[in-house]
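# below is the sequence, then the predicted model.
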Amino acid sequence: MKALRYLKQDTPAVDEIPIPGIAEDEVLVAARAVGVCHSDIDLLAGRYIIPFRYPIIPGHEWSGEVVRIGSRVTDFVVGDRVVGECVIGDDHFGFSISGAAAEFFVAKPEWLHKLPASISYTNGALVEPFSVAFYALMRVGNVNASDILVVLGAGPIGLAVTAAAAALGAVTIVVEPSEERRDAAMSLGAAHAVHPDGIVALLEERTGGRGADVVVEASGRPEVMAQALELAAFRGRVAYIGIDVGREAPAKLGLIQSKELKITGSIGSPGAWPETLRFLANTGIDLSPLVTQRFTIDQALEALDAAHHPATTIKAHIELDAVLPG
C-alpha cells in the first residue's frame, strides 16, 4: 500500500509499505479522506507536545471504511463508515503512533465512531477540528440566538466555531484579515465578517457599545488574545481555543474583574465526539467550504506544501479510494 511517512525531521516521503495485519481486537480501515493540520507540519519539523519517534505516518483528521475486523470485534462490521478520535490514553494517533495518511491503517474499536449516513467522507474528515470548536462552545455554555458572538480568527477551527455558533442561533461576527477566509466564514453562516480594523465600529453599531456576549479567540495570537477581553460585554463569556505557548502580550487584566467576565480555556474535544456527530447530522452543516485543495495519496507531498501556505490554503485534504487486493 501507499503511505505518507515522515522518515526523519523535515523528510517526508510517499512510500510503498506492506498492508498491516490486525490483532483479534482491532480493525483495518481504508482511509477515504485525510486532512492536513498545522500540527502535522509541526510534527514534520520535529515539534510536538508529547514524545514521538520517526518514522511515523501522520494523519489524525480522517474518515474511512472498515475493510477487515478481528475475531473479537463485535461493534463494527466490514463496510461501516467510521471516524476516530486522536487522543487515546497516553498515545496520540497520527503523532506518537502512526495515523491515517495511508491507504490502510489499524485502529481499535474503542477509538471509532460510526459516521452517520448523511455525513460525507469529506465532512467526516472535518469532524475532528469541528469537535474541538463544538467542545469550546459547550464549555462557554448556553450559546443561543440572544447572543452576539465574535470569533477572532478564521483558520479551520475558527471557521468551525462559526458554523457551530451560527447553527446554535447566535449572531456570529468573524474577525479575520484574509478576504478569502472572510468569504468562507460568510458561507458557513456568519452574519458579518470584518477586517480586524473594523470590529470595534461594528460592535458599536450592533450593540450600542455593550460589546459581545461571547468572544471566541481562535487565532492563538497573544495580542488578539488580549483584545478578546476588551471586546466582551459586561458579564460576557470569553473562550480561548487558539493555542500559543510562551509568547507574551500586554493585556488589561482588570477587565476580567470589572466586567465580571466568565473565561474558559479548552483543548481537544474529550468526551464530545458522540454529541458532535449528532449535532452535525441533525443540523446538516456542510463544512466542505473549509477544503480548498484536494490531493491523491501520490500527491501527499504537495498537500503538505499547500498546508504550509495558510494565505492560500484553509484545509488540504488527501482523498483515497483503495480496495483490499483479492
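The structure has been received and is ready for your questions.

# need the helices for the stretch 1-150 of the chain, in chain order.
In the stretch 1-150 of the chain, the helices defined using DSSP state H, counting those that start in this stretch lie at 38-44, 121-124, 127-140.

# with residue 29 as the reference, name the closest of these.
Nearest of the helices of the stretch 1-150 of the chain to residue 29, taken as Cβ to Cβ: helix 121-124 at 11.8 Å. Every residue, glycine included, has its C-beta placed from N, CA and C.

# which secondary structure elements does the closest one sit against?
Counting contacts by 3 or more Cβ pairs under 8 Å, 6 or more residues apart in numbering; DSSP states H and E, helix 121-124 packs against strand 27-36, strand 61-69, strand 81-84, strand 315-319.

# what packs against the third one?
Contacts of strand 81-84 with other secondary structure elements, assessed using 3+ Cβ pairs under 8 Å, 6+ apart, are made with strand 27-36, strand 61-69, strand 112-114, helix 121-124.

# what distance separates the longest one from the centre of its chain?
Once both centres are worked out by Cα atoms, centre = their mean, to the nearest Å, strand 27-36 turns out to sit 16 Å from its chain's centre.

# and that strand, which strands flank it?
Strand pairing for strand 27-36, using DSSP bridges, gives strand 61-69 (antiparallel), strand 104-107 (antiparallel), strand 315-319 (antiparallel).

# turn those strands into CSV, columns for mean neighbour count.
Output for the strands paired with strand 27-36, formatted as CSV (neighbours: other Cβ atoms under 10 Å):
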stretch, mean neighbour count
strand 61-69, 24
strand 104-107, 23
strand 315-319, 25
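
# and residue 216, what does it touch?
By Cβ atoms under 8 Å, 6 or more residues apart in numbering, the contact list for residue 216 reads 136-137, 140, 149-152, 158, 161, 165, 238-239, 241.

# out of the residues you listed, which are inside strands?
Residues of the contacts of residue 216 located in strands (DSSP state E): 149, 150, 151, 152, 238, 239.

# which residues touch the second one?
Counting by Cβ under 8 Å, 6+ apart, residue 150 makes contact with 172, 173, 174, 175, 199, 203, 212, 214, 215, 216, 231.

# measure the third one to residue 22 for me?
Using Cβ to Cβ, to the nearest Å, one gets 43 Å for the distance from residue 174 to residue 22.

# about what we covered before: how about JSON lines for the contacts of residue 216, with pLDDT and distance to residue 180 added?
As requested, those are exported to JSON lines (pLDDT from 0 to 100; distance: Cβ to Cβ, whole Å):
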{"residue": "136", "pLDDT": "97", "distance to residue 180": "24"}
{"residue": "137", "pLDDT": "97", "distance to residue 180": "24"}
{"residue": "140", "pLDDT": "95", "distance to residue 180": "27"}
{"residue": "149", "pLDDT": "98", "distance to residue 180": "22"}
{"residue": "150", "pLDDT": "98", "distance to residue 180": "20"}
{"residue": "151", "pLDDT": "98", "distance to residue 180": "16"}
{"residue": "152", "pLDDT": "98", "distance to residue 180": "17"}
{"residue": "158", "pLDDT": "97", "distance to residue 180": "13"}
{"residue": "161", "pLDDT": "98", "distance to residue 180": "18"}
{"residue": "165", "pLDDT": "98", "distance to residue 180": "20"}
{"residue": "238", "pLDDT": "98", "distance to residue 180": "27"}
{"residue": "239", "pLDDT": "98", "distance to residue 180": "25"}
{"residue": "241", "pLDDT": "95", "distance to residue 180": "21"}
